[in-house]
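Q: Here is my input, please return the structure:
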Amino acid sequence: MKLSLKALCLAGALTAFSAQAQETIRIGIEGAYPPFNAVDASGKLYGFDVDIANAMCDKMQVKCELVAQDWDGIIPALLAKKFDAVVSSMVETEERSQHVAFSEPYYYTVLSVAVPVDSDIKDTSTDAMKDSIVGAQSASTQGMYAEDVYGKAGSDVRLYPTPDEAGADLISGRLDAIVHDKFPLLEWLEKNSEGCCKLLGDLPGTEGKTSVALRKGEDELRERFNKAIDEIRADGTYQDISQRYFGMDIFRVQ
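A: Just a heads-up that it's a prediction; the model follows:
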């Protein structure tokens, strides 16, 4: 059966309208947390979080619009509707859950400590770290741990806007140790520590769920992210992305 010219024009118009009307979801990402998220020389966001966000948007059949946002202001910006969700290695905590909702985790993480290679600090216990100068990123789970555990046990805790700034002070000798998430810390030690430093160990009891953060009450969007996470895990997309950045599947802490 042949379609009339009018019907063909109508079909074409509907197709064009559908393309123009594609839903856009704005994703907030810090851009200062390699290899999970960073900004290249041209100002473009890249990293594991970026690829995971784009993969989830593909499964939801929406367009991803990535928005760079400083970490300290990322939750306020979400609540102010600067973007619709945060895909930026945010660990679910009790305090954060009072302000935002979280999806199911897209990976699990654990906190670790790095020290200079010639450090006298033997382990990650509060006794071993007492009287040391410890650095961590502000407004982060590692910063909270450093203050709540090491700070209260006698360490001098110093907080930084980004992990790289804490790392720079460890290299320069202004810090005795830094607390960071394990995978980005391993990346930093391999590529950016100039051979100065080593992994001291993981911090027991600090495993956390890294999830998509959303505004409370947006349950439909939350379930769409949950479904997308399940789908990229099921079809191997997640594992391919993880292998590209880490040489393994990081969904569970190794």
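Q: got the phi/psi numbers for the most centrally placed residue in the chain?
A: Residue closest to the average C-alpha location in the chain (CA atoms, centre = their mean): Ser89, at 1.6 Å. Taking degrees, to the nearest 10, you get phi 50, psi 40 for the backbone angles of Ser89.
Q: can you pull the contacts of it?
A: 30, 33, 36-37, 49, 109, 181, 184, 210 (CB atoms under 8 Å, 6 or more residues apart in numbering). From N, CA and C alone the C-beta is placed, and that goes for glycine too.
Q: Can you give me the distance of it to Ala32?
A: 11 Å (CB to CB, to the nearest Å).
Q: same deal with Ala68?
A: 9 Å.
Q: And the two? Which one has more around it.
A: Ala32 (19 against 15; other CB atoms under 10 Å).
Q: pLDDT at the more buried one, what is it?
A: We have a pLDDT of 94 for Ala32.
Q: which residue ranges form the strands in the stretch 151-254 of the chain?
A: Secondary structure of the stretch 151-254 of the chain (DSSP state E, counting those that start in this stretch): strands located at 156-160, 177-181, 197-202, 208-215.
Q: now these as TSV including mean pLDDT and distance to Lys227?
A: Formatted as TSV, the strands of the stretch 151-254 of the chain follow (pLDDT from 0 to 100; distance: least, CB to CB, whole Å):
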stretch	mean pLDDT	distance to Lys227
strand 156-160	98	37
strand 177-181	98	26
strand 197-202	98	32
strand 208-215	98	12
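Q: which non-adjacent residue is nearest Asp219?
A: Ala101 (7.8 Å; CB to CB, 6 or more residues apart in numbering).
Q: With Val86 instead?
A: Ala213 (4.0 Å).
Q: tell me the contacts of the one you found?
A: By CB under 8 Å, 6+ apart, the neighbours of Ala213 are 75, 78, 85-86, 90, 96, 100-103.
Q: buried subset of the residues you listed?
A: 75, 78, 85-86, 90, 96, 100-103 (16 or more other CB atoms under 10 Å).
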